[in-house]
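Trainee: mind looking at a prediction? Sequence and model below.
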Amino acid sequence: MKYNILIPDLLTETRLEQKILGKKYNIILSNPKEFETLSDKFFRNIDGIMTGHHVSFPKKIISKLKRCKIIVRYGVGYDSIDINEASKRKIKVFNVPDYGVDEVSDHALGLILDLSRFLSGNDFFLKKQIQENNIKWKYDLNKRQVRLKNLNLGIIGLGRIGSALSLKCKPIFKNINFYDPYINDGIEKSLGLLKKDSLSDLFNNSDVISVHVPSSKKNKFFLKEFFFKNLKKRIIFINTARGDLVKNDVLFKYFKKGKIASIGLDVFENEPLSKNDKLTKLWLEKKNYGKIIFTPHNAFFSKEALFEIRYKALISLKNYFEKKIEKNCVNLSLMKR
């Protein structure tokens with residue numbers, strides 16, 4: 001018997017899939033644009049699915065999966081899959097939580113270094129000066145250029161990426177604070193960090209804040225206006241995690257008020273960006289070049305990370321069908337109810 005494996009993604013070849021899975025598996029590629037037009041009969045004959053962020057699996061799609069027993073998500077987040085419906089139908093959902101850890105933590109560190117030293121801003125304004133034949137250099141374009149050794153870094157969420165960032169930043173910052181109510185006691189001692197018992201405490205004892213929290217119903221917009229309103233000093237704010245953790249309007253308001261000195265975002269409340277969004281307009285203003293940096297949700301990206309996510313997703317799928325040890329099933333507890 002061959003297993004029919006659907007991949008509704010932008011893959012153009014399946015050499016790696018065929019190499020890892022072998023002849024027992026029939027790989028079916030589907031263009032994401034055509035995904036919802038596939039027939040009920042087609043869905044009924046699918047045994048397993050590997051999917052990225054290009055398609056969603058709401059109840060109406062999952063209800064068509066009569067044979068399917070596994071969905072593997074290329075990535076960490078799985079909010080595009082109706083977990084409750086999948087669990088009700090005994091479909092196991094897996095993710096790949098440990099890919100791109102270096103890439104995202106490097107990206108966050110890059111944003112921190114760029115904003116604290118005004119690198120992009122200096123580059124832009126120096127180009128402008130040269131183009132205008134202005135040979136008099138200005139060394140203090142941004143008086144917020146600071147010595148990182150005198151600053152405290154605050155990390156929200158000490159999972160894989162937050163921990164990786166903390167280790168990379170230990171030689172750079174004065175202190176590294178973190179807030180994570182789900183982490184075991186004592187981790188701060190082994191990593192040499194300072195644990196904060198509340199978000200307010202972290203906000204008010206950090207000069208730079210970097211967010212590393214997954215998206216969930218509970219976490220949606222959990223970084224409320226209150227934390228920014230009561231800041232005792234200006235901060236650099238970095239988010240490479242999820243865009244629905246803080247509202248754009250909050251960041252806009254407190255950047256304008258001077259509570260936030262600089263903003264570095266790789267994720268956004270609404271994607272793709274709208275040029276009519278107030279925060280986007282602020283980013284586009286020349287006076288804010290180098291003070292606000294946006295990147296196109298590509299912190300995870302590298303050739304190595306793309307291979308890693310594809311490989312690990314394949315291993316999860318193969319282990320399931322071959323009844324080997326399963327890792328990273330995100331709905332196991334729901335299926336036991």
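Mentor: Sure, I can see it. Numbering: from 1, shown residues only.
Trainee: now do the contacts for residue 225.
Mentor: Shown here is residue 225, whose contacts under the criterion CB atoms under 8 Å, 6 or more residues apart in numbering are 247, 250, 253, 254. Quick note: C-beta positions are derived from backbone N, CA and C, even for glycine.
Trainee: of those residues, which is the nearest to residue 7?
Mentor: Comparing the contacts of residue 225 against residue 7 with CB to CB places residue 247 closest, at 34.6 Å.
Trainee: is the spatially most central residue of the chain in a helix, a strand, or coil?
Mentor: Closest to where the C-alpha atoms of the chain average out (CA atoms, centre = their mean) is residue 241, at 3.3 Å. Under the three-state scheme (DSSP: H, G, I helix; E, B strand; the rest coil), the conformation of residue 241 reads as coil.
Trainee: my read: it touches residue 219, true?
Mentor: No - contact criterion CB atoms under 8 Å: residue 241 and residue 219 do not qualify, at 9.2 Å.
Trainee: what do those two both touch?
Mentor: Both residue 241 and residue 219 are contacted by residue 213, under the criterion CB under 8 Å, 6+ apart.
Trainee: now for the contacts of residue 225: which two are most distant?
Mentor: 247 and 254 (10.8 Å).
Trainee: so between those two, which is more surrounded?
Mentor: Neighbour totals were compared for residue 247 and residue 254, and residue 254 leads with 20 against 17 (other CB atoms under 10 Å).
Trainee: name the helices or strands packed onto the helix or strand containing that one?
Mentor: Using DSSP states H and E, residue 254 maps to helix 248-256. Counting contacts by 3 or more CB pairs under 8 Å, 6 or more residues apart in numbering; DSSP states H and E, helix 248-256 packs against helix 225-229, strand 260-265, helix 278-284.
Trainee: show me how far the first one is from its chain's centre.
Mentor: Between the centre of helix 225-229 and the centre of its host chain there is 22 Å, according to CA atoms, centre = their mean, to the nearest Å.
Trainee: could you do the last one as well?
Mentor: Between the centre of helix 278-284 and the centre of its host chain there is 21 Å, according to CA atoms, centre = their mean.
Trainee: quick one, helices of the chain?
Mentor: Along the chain, the segments classed as helices by DSSP state H run 15-21, 40-44, 59-62, 83-88, 101-117, 119-131, 160-169, 187-191, 199-204, 225-229, 248-256, 278-284, 303-321, 332-335.
Trainee: could you say what helices and strands the last one packs with?
Mentor: With contacts taken as 3+ CB pairs under 8 Å, 6+ apart, helix 332-335 sits against helix 83-88.
Trainee: can you pull the contacts of residue 60?
Mentor: Applying CB under 8 Å, 6+ apart, no residues contact residue 60.
Trainee: next one: it from residue 50, what distance?
Mentor: Taking CB to CB, to the nearest Å as the measure, residue 60 and residue 50 are separated by 20 Å.
Trainee: what does residue 267 give?
Mentor: Summarising the geometry, the distance separating residue 267 from residue 50, computed by CB to CB, is 23 Å.
Trainee: just the buried positions in the helix holding residue 254, please.
Mentor: Applying a neighbour-count criterion of 16 or more other CB atoms under 10 Å, one finds 248, 250, 251, 252, 253, 254, 255 buried in helix 248-256.
Trainee: for stretch 156-169, same thing?
Mentor: Going by neighbour count (16+ other CB under 10 Å), the buried part of stretch 156-169 is 156, 157, 158, 159, 160, 161, 162, 163, 164, 165, 166, 169.
Trainee: could you dump the residues you listed to JSON lines with distance to residue 3 and pLDDT?
Mentor: JSON lines is the format used below for these (distance: CB to CB, whole Å; pLDDT from 0 to 100):
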{"residue": "156", "distance to residue 3": "41", "pLDDT": "98"}
{"residue": "157", "distance to residue 3": "36", "pLDDT": "98"}
{"residue": "158", "distance to residue 3": "38", "pLDDT": "97"}
{"residue": "159", "distance to residue 3": "32", "pLDDT": "95"}
{"residue": "160", "distance to residue 3": "30", "pLDDT": "94"}
{"residue": "161", "distance to residue 3": "33", "pLDDT": "96"}
{"residue": "162", "distance to residue 3": "37", "pLDDT": "97"}
{"residue": "163", "distance to residue 3": "36", "pLDDT": "97"}
{"residue": "164", "distance to residue 3": "35", "pLDDT": "97"}
{"residue": "165", "distance to residue 3": "39", "pLDDT": "98"}
{"residue": "166", "distance to residue 3": "41", "pLDDT": "98"}
{"residue": "169", "distance to residue 3": "45", "pLDDT": "98"}
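Trainee: perfect, I'm done here.
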